[in-house]
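Novice: What shape does this take:
(2 chains)
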Number of protein chains: 2
Amino acid sequence: MTAIVVGYVPKPEGRAALRRAAEESKLRGARLVVINSAHGGRDHDGEEAARADAELEQARGQLAEAGVEAEVRQLVRGMDVAEDLISVAEETGADFIVIGLRRRSPVGKLILGSNAQRILLDAPCPVLAVKAEDLG
Amino acid sequence: MTAIVVGYVPKPEGRAALRRAAEESKLRGARLVVINSAHGGRDHDGEEAARADAELEQARGQLAEAGVEAEVRQLVRGMDVAEDLISVAEETGADFIVIGLRRRSPVGKLILGSNAQRILLDAPCPVLAVKAEDLG
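Specialist: Next comes the predicted model:
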């Protein structure tokens, strides 16, 4: 069974990526693996853990609405999101990775962040890049 | 009917992108539009035109092998490939664009070119980025 790996953040681009990944998973009958990366270590205090849990709850709600079963993994191991997504894509033999691209600059211009670039270039599989405002 | 737009160049990453786009088109029953951008103007002489024709012939052969019907457009209008792909994606209401990422540096390290970045950021739809060595 093929797998689709998606990086989730509780922001418009993360929700767009999750929505698209859920559609692709239904279309292909592929297993959906949702990755939420949280930085561990000293900064991972109780408040941050609670916030992360609430975020994942949102993702689960979105998946239930879409009628898609998924495995949701919260990775707290001090790796950055690019490493997490690449390592899970390797482990699952993913068909592709879905990532959200975010607006960054003050005037709303999109800038391709370093994590997105690393995922695009280093992933062992194709990468579907979704923007929050994409129609499809 | 949805459409998939793919940028084709006669290089490993272009063939990988075309292969993947053909698969996606079959999976979705989507119309496949293959774009080969050639720069017009003073540099577009007879020799270059012949080379471009041979390139497109290769693409048609690859599509026939895959058993996929496609519309192959060669655009010679002095726009760069990013503008061409974005404009065709807008015109066709594309579901997504497929692009190939190429190896650039002398040691084979992948570098995200400016055309790829513009397509990723400015396309009106998601973008599936394929590397020549991707498995899926």
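Novice: So which residues on chain A come close to chain B?
Specialist: Chain A comes close to chain B at residues A:2, A:20, A:27-28, A:93-96, A:101, A:110-112, A:117, A:120-122, A:124-131, A:134-136, as judged by Cβ under 8 Å from any Cβ of the partner chain. Just so you know, the C-beta spots here come from the backbone N, C-alpha and C atoms, and that holds for glycine as well.
Novice: Give me the local confidence score for the closest residue to A:G93 other than its chain neighbours.
Specialist: Leaving aside its chain neighbours, A:G93 sits nearest to A:A3 (6.6 Å; criterion: Cβ to Cβ, 6 or more residues apart in numbering or on different chains). Looking at A:A3, its pLDDT reads 96.
Novice: My understanding was that A:A3 contacts A:I35; is that so?
Specialist: No: counting by Cβ atoms under 8 Å, A:A3 does not reach A:I35; the two are 11.5 Å apart.
Novice: next one: the least confident helix or strand in chain A by mean pLDDT to chain centre, how far?
Specialist: In chain A, no helix or strand scores lower on mean pLDDT, DSSP states H and E than helix A:46-66, which sits at a mean of 80. Centroid separation for helix A:46-66 versus its chain: 13 Å, with Cα atoms, centre = their mean, to the nearest Å.
Novice: Please apply the same query to stretch A:116-133.
Specialist: Between the centre of stretch A:116-133 and the centre of its chain there are 10 Å (Cα atoms, centre = their mean).
Novice: And for the residue nearest to A:G93, the neighbour number?
Specialist: 21 (other Cβ atoms under 10 Å in any protein chain shown).
Novice: Give me the buried stretch members for whichever strand or helix holds A:A17, please.
Specialist: Counting by DSSP states H and E, the element that carries A:A17 is helix A:12-28. Of all the residues in helix A:12-28, those buried under the rule 16 or more other Cβ atoms under 10 Å in any protein chain shown are A:13-22, A:24-25, A:28.
Novice: Which elements pack onto it?
Specialist: Counting contacts by 3 or more Cβ pairs under 8 Å, 6 or more residues apart in numbering or on different chains; DSSP states H and E, helix A:12-28 packs against strand A:3-7, strand A:31-38, helix A:46-66, strand A:96-101, strand A:127-131, helix B:12-28.
Novice: List the neighbouring strands of the first one plus their orientation.
Specialist: I take that to be strand A:3-7. Using DSSP bridges, the strands paired with strand A:3-7 are strand A:31-38 (parallel), strand A:96-101 (parallel).
Novice: Show me the least confident stretch of those strands, going by mean pLDDT.
Specialist: Lowest mean pLDDT within the strands paired with strand A:3-7: strand A:31-38, a mean of 88.
Novice: by how many degrees do that one and helix A:46-66 diverge?
Specialist: For strand A:31-38 against helix A:46-66, the angle between stretch directions is 160 degrees (axes from the mean of the first three to the mean of the last three Cα atoms, to 10 degrees).
Novice: and the direction of strand A:31-38 versus that of helix A:12-28, what angle?
Specialist: With the same axes, to 10 degrees as the basis, strand A:31-38 and helix A:12-28 are set at 160 degrees to each other.
Novice: what sits up against strand A:31-38?
Specialist: A:1-9, A:18, A:21-22, A:25, A:44, A:48-49, A:52, A:55-56, A:59, A:63, A:68-76, A:79-81, A:84-85, A:88, A:92, A:94 (Cβ atoms under 8 Å, 6 or more residues apart in numbering or on different chains).
Novice: try 7 Å
Specialist: Applying Cβ atoms under 7 Å, 6 or more residues apart in numbering or on different chains, the contact partners of strand A:31-38 are A:1, A:3-8, A:18, A:21-22, A:25, A:44, A:52, A:55-56, A:59, A:68, A:70-76, A:81, A:84-85, A:88, A:92.
Novice: Ok, stretch A:81-89 next?
Specialist: Applying Cβ under 7 Å, 6+ apart, the external contacts of stretch A:81-89 come out as A:5, A:7, A:33, A:35, A:37, A:75, A:97, A:115, A:118-119, A:122-125.
Novice: any chance of the residues you listed in TSV, with neighbour count too?
Specialist: TSV is the format used below for these (neighbours: other Cβ atoms under 10 Å in any protein chain shown):
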residue	neighbour count
A:V5	31
A:G7	25
A:V33	22
A:I35	20
A:S37	23
A:L75	18
A:I97	28
A:N115	18
A:R118	17
A:I119	23
A:D122	15
A:A123	22
A:P124	16
A:C125	22
